[in-house]
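Peer 1: Just the structure for this:
(one chain, ligands or ions: 1)
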Amino acid sequence: MSTSEIWVGGLGWPYDELLAASLRARGLPASTLGPMDRDAFDRGVAALPRGQCAPALFTTGALLRRATDGSAPGRYLRLHSCGPCRYALFGLGYERALSVAGRSSVGLLDVEQSPEGLLALAESESGGPLLDALLVGDALAERLRRLRPHVRDVDALEARAEGVSRALAQALEQGRDAREALVAQTQWPDDLPRLPARVLPMVQLIGEPFSLHVDGPAQLNLPRVLAAANAEVTLPPLALWIAYQFWIARQPAFGQSRKPATQRVGELRRLEDALRTRFGEIMRAGEVGDYELPDVDHLADLASPHLPSGWRAGYGHVELGLALRALELGRAQLVLSIKSFGCLPSSSVVDAILPAALDGRLPFLALEVTGDGEAARESRLALRLGSARRMAEAASLAPSGDAATTGRAPRAG
Ligand code: SF4
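Peer 2: This next block holds a predicted model:
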């Protein structure tokens, strides 16, 4: 077995760091690929042919930078796409870019984003701890997101969160239980001064998994930008992507009508239940309260009049379902889609289907990750946020008192 280092990248902060720590705890040398920043994007653009989606550009650039930084060749733990996507060709792009850069010695370690891959992982000894690392990331990222609009000093808050992420990674590497590690850190933001309570609009973010979870320019820095513009943000946990994989596996195979065997459906449901239970335990340990994993069956039911359940379009049923659920619950004043540049599934769902599904009942805006156009982004956002704010005030949405003090606001996922 190869002993070269495993590079973890493409899930974003704090997931990559926590996953690498969890791998080290299993005796595997591992580190992160580095930030998915503007430099990574530019390197990816220079290395790949035109027309690649944003996740391919960011990850290829970050991989090239890591492969040429002077350290020993490693193995990139690569996903085949940013999520449940049948269109992306990440692997070919990586191989070509590494070869052109004279770094073919860097290996690619495949993570099978399929139900079979997940089932095999769930049944393996490492499955539980690796999943816990991702759920710990969900808890920390969610608490940070809730607190941003309510603290006076966002830089100080983010610096604290970075420190907590490192402490959690250290605890996981030492083999400590994920819940215990979170409980030891619960007070991390408590002494940071808060802003006075006020009515804030809620923005429901939707998008492909990469756009939703990889913080920084890949996410158009939107959670930070929105907090600075006095808006709260809700977006789904990374765990929802795993639940969506299980849901897909319970459906008839693409293009067929025969359902999977009852026993297999039962197995998948048991795994989903276990994921939901563990998610709840870890969120409570991380003081994120009753942050529930959205129910994929419900999201798919909401989406299915517009996107039949047998069709596959990236994260389509989840994107549509989350937007329609926000409408159903009446708890968001704006649906904002972050679209990866060059993403075929997101374009078909967001450009063609979602506006018709919302039918003007909830303001909607789509912003594309292109690596430029910040000014245009902010002016379009400012216009939409103005109307979202007026809607929130008209509805007299009470500011979330708990969130304003601890980030422990009870709300659905
Ligand atoms: S879903 Fe879109 S952004 Fe993600 S890998 Fe596929 S084409 Fe790229």
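Peer 1: what's the neighbour count on the residue in the stretch 151-300 of the chain positioned nearest to the ligand?
Peer 2: In the stretch 151-300 of the chain, no residue comes nearer to the ligand than residue 208, which is 4.3 Å away by Cβ to the nearest ligand atom. Every residue, glycine included, has its C-beta placed from N, CA and C. Residue 208 sits with 31 neighbouring residues when counted by other Cβ atoms under 10 Å.
Peer 1: To which secondary structure element type does the residue lying closest to residue 53 once chain neighbours are set aside belong?
Peer 2: Leaving aside its sequence neighbours, residue 53 sits nearest to residue 342 (Cβ to Cβ, 6 or more residues apart in numbering; 4.1 Å). Classification of residue 342 by DSSP: H, G, I helix; E, B strand; the rest coil places it in coil.
Peer 1: Residue 342 reaches residue 54, doesn't it?
Peer 2: Yes. With contacts counted by Cβ atoms under 8 Å, residue 342 reaches residue 54, the gap being 6.7 Å.
Peer 1: list the contacts for the residue of the stretch 151-300 of the chain closest to the ligand?
Peer 2: 55, 82-83, 85, 314-315, 319, 338-340, 343, 345-346 (Cβ atoms under 8 Å, 6 or more residues apart in numbering).
Peer 1: Recalculate using a threshold of 6 Å.
Peer 2: 82, 83, 314, 315, 340, 343, 346 (Cβ atoms under 6 Å, 6 or more residues apart in numbering).
Peer 1: quick one: pLDDT of the fifth one?
Peer 2: Reported pLDDT at residue 340 in the predicted model: 81.
Peer 1: hmm, back to that, quick check on residue 342 and residue 54: which one has the bigger neighbour count.
Peer 2: Remark: of residue 342 and residue 54, residue 54 carries more neighbours, 28 against 20, as counted by other Cβ under 10 Å.
Peer 1: State the pLDDT value of the more buried one.
Peer 2: With respect to pLDDT, residue 54 has a value of 88.
Peer 1: For it, give me its contacts.
Peer 2: Neighbours of residue 54 in contact, by Cβ under 6 Å, 6+ apart: 340, 341, 369.
Peer 1: near the ligand too, which of those residues?
Peer 2: residue 340 (Cβ under 6 Å from any ligand atom).
Peer 1: and which of the contacts of residue 54 is nearest the ligand?
Peer 2: Of the contacts of residue 54, the one sitting nearest to the ligand (Cβ to the nearest ligand atom) turns out to be residue 340, at 3.7 Å.
Peer 1: gap between the closest residue to that closest one other than its chain neighbours and residue 63?
Peer 2: Take residue 340 and drop its neighbours on the chain: the residue closest to it by Cβ to Cβ, 6+ apart is residue 54, 3.9 Å away. Noted for residue 54: a distance of 15 Å to residue 63, by Cβ to Cβ, to the nearest Å.
Peer 1: which bits of the protein sit near the ligand?
Peer 2: 53, 55, 81-83, 85, 87-88, 208, 210, 314, 340, 343-346.
Peer 1: Out of the residues you listed, name the ones that lie in strands.
Peer 2: Applying DSSP state E to the residues of the chain next to the ligand, the entries found in strands are residue 340.
Peer 1: Going by neighbour count, which of the residues of the chain next to the ligand are buried?
Peer 2: Buried by 16 or more other Cβ atoms under 10 Å: 53, 55, 81-83, 85, 88, 208, 210, 314, 340, 343-346, out of the residues of the chain next to the ligand.
Peer 1: Can you list the low-confidence ranges for the protein?
Peer 2: Scanning the chain with the threshold set as pLDDT under 70 gives 1-2, 83-84, 86-88, 112-119, 122-123, 254, 371-379, 396-413.
Peer 1: Give me the most central residue, it.
Peer 2: residue 213 (2.7 Å; Cα atoms, centre = their mean).
Peer 1: Do I have it right that that residue meets residue 12?
Peer 2: Yes. Here residue 213 reaches residue 12: they are 4.8 Å apart, a contact under Cβ atoms under 6 Å.
Peer 1: contacts for the longest helix along the chain?
Peer 2: In the chain, with assignment by DSSP state H, the single longest helix is helix 262-285. Helix 262-285 is contacted by residues 122, 135, 139, 178-179, 182-183, 239, 243, 246, 249-250, 291, 293 when judged by Cβ under 6 Å, 6+ apart.
Peer 1: Please apply the same query to stretch 24-39.
Peer 2: Here stretch 24-39 has contacts from 5-9, 16-17, 20, 23, 58, 62, 66, 126, 172-173, 175, 214, 216-218, using Cβ under 6 Å, 6+ apart.
Peer 1: My guess is residue 61 contacts residue 48. True?
Peer 2: No. Between residue 61 and residue 48 there is no contact under Cβ under 6 Å: 8.7 Å.
Peer 1: neighbour count winner among those two?
Peer 2: residue 61 (26 against 21).
Peer 1: State the phi and psi torsions of that one.
Peer 2: Main-chain torsions, residue 61, degrees, to the nearest 10: phi -60, psi -40.
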